[in-house]
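> sharing a model that was predicted from the sequence below.
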Amino acid sequence: FVSAQEGAASGVTAVAAPRRENAYTQRFAGQLVLVTGAASGIGRATALAFAGAGARVVVVDRDAEGAAGTAESALEAGAAEAWAETVDVADEQAMETLAEKVTAEYGVVDVLVNNAGVGLAGSFLDTDTEDWKQVLDVNLWGVIHGCRLFGRRMAERGQGGHIVNTASAAAFLPSRTLPAYSTSKAAVLMLSECLRAEMAGKGIGVSAICPGIVDTGITSTARFTGVDAVEQQRLRKRSARLYGLRNYRPEKVADAILRAVLTNRAVVPVTPEARVAYLLSRLAPGA
Ligand code: NAD
């Protein structure tokens, strides 16, 4: 456990440069925001965006060093307080311990962003049971644990809150290249809509964020099952054709997440390609 706040108090953190005002300045002042998978990519950008909006930020990742780095940067970006917690979101007991600790030491989470995820590419028939389990354990069960453990505490407090789950355009685009990943994200999309219906009466919003291709580590670290290097290149090209030829910046997704919380949107396809795919999937279900 690293407390970036302690670092700041003991003079470890550099004095922050003057910050530019933006649309979100102080919009989340005093609010406790927890982001999973925040050591890098979209999660890191999201933690920093909430930090810039004055939030108190809990950075969660299984990568301890990366999480500590994000917490330090969050303080520099304007977070009122920032902490790093090393947790595997797929581990229910570890998530329970996290929820207890965060609630006892920092308070009830106002905004939860279940963002941690892993990629896996390859054909359905070549994906073995262990691979399916690994993807579903992180991408689906990680989100279920977060929603249930932190959602219950939000509901018990009775003062509203918001849960954001990072799904993907893959949730509504059937694909030959990403069967396990797409299945996990479709499940995240559906569970978000079910939870939204249940939480509406409690004043708690739930949003599913669906980016297209974003320039982060996941596109290079995603594993391939049962395919050689040449086939991997072919799959990458096929993926690009399906999800969009342009790589977007993680900050674009972070911005969409903050807006989704402020406007309480249900499903947010982030990139133009994702928006077109979402519209088509709604117009022609099952096509
Ligand atoms: P990334 O690899 O940069 O970030 C993922 C983070 O999750 C990493 O810091 C990693 O350490 C962490 N993580 C992975 N498994 C974990 C676990 N079991 N417990 C705790 N932390 C864990 O990739 P990213 O693109 O920023 O991914 C963030 C989310 O966005 C994922 O859910 C991903 O599926 C989704 N997404 C990404 C894209 C894209 O093109 N990059 C598109 C759509 C959706």
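Now that the structure is in, tell me what you want to look at.

> what about residue 91, how many neighbours?
16 (other C-beta atoms under 10 Å). In this view, the C-beta of every residue, glycine as well, is placed from N, C-alpha and C.

> separation between it and the ligand?
Going from residue 91 to the ligand by C-beta to the nearest ligand atom, to the nearest Å gives 8 Å.

> low-confidence ranges, the chain, go.
1-21, 219-222, 226-227, 231-232, 235-236, 238-246, 284-287 (pLDDT under 70).

> please redo it, this time with the cut-off set to 80
Segments of the chain classed as low confidence (criterion: pLDDT under 80) are 1-23, 25, 219-247, 284-287.

> got the residues of it near the ligand?
36-37, 39-43, 61-63, 66, 88-90, 115-118, 138, 142, 166, 168, 211, 213-214, 216-219, 221, 250 (C-beta under 6 Å from any ligand atom).

> and these, which of them are in strands?
Among these, the ones falling in strands (DSSP state E) are 36, 61, 166.

> in the stretch 51-200 of the chain, which residue sits nearest the ligand?
In the stretch 51-200 of the chain, the residue that lies nearest the ligand is residue 117 (2.2 Å; C-beta to the nearest ligand atom).

> nearest residue to that residue in space, ignoring adjacent ones along the chain?
residue 139 (4.9 Å; C-beta to C-beta, 6 or more residues apart in numbering).

> ok, that neighbour - contacts?
117-118, 181, 184-185, 188 (C-beta atoms under 8 Å, 6 or more residues apart in numbering).

> save the ones in strands among the residues of the chain next to the ligand as a markdown table, and put in neighbour count and distance to residue 24 too.
Below are those laid out as a markdown table (neighbours: other C-beta atoms under 10 Å; distance: C-beta to C-beta, whole Å):
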| residue | neighbour count | distance to residue 24 |
| --- | --- | --- |
| 36 | 32 | 21 |
| 61 | 28 | 23 |
| 166 | 29 | 19 |
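
> reformat those as JSON lines; add distance to residue 147.
Shown next, in JSON lines, are those (distance: C-beta to C-beta, whole Å):
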{"residue": "36", "distance to residue 147": "11"}
{"residue": "61", "distance to residue 147": "18"}
{"residue": "166", "distance to residue 147": "12"}
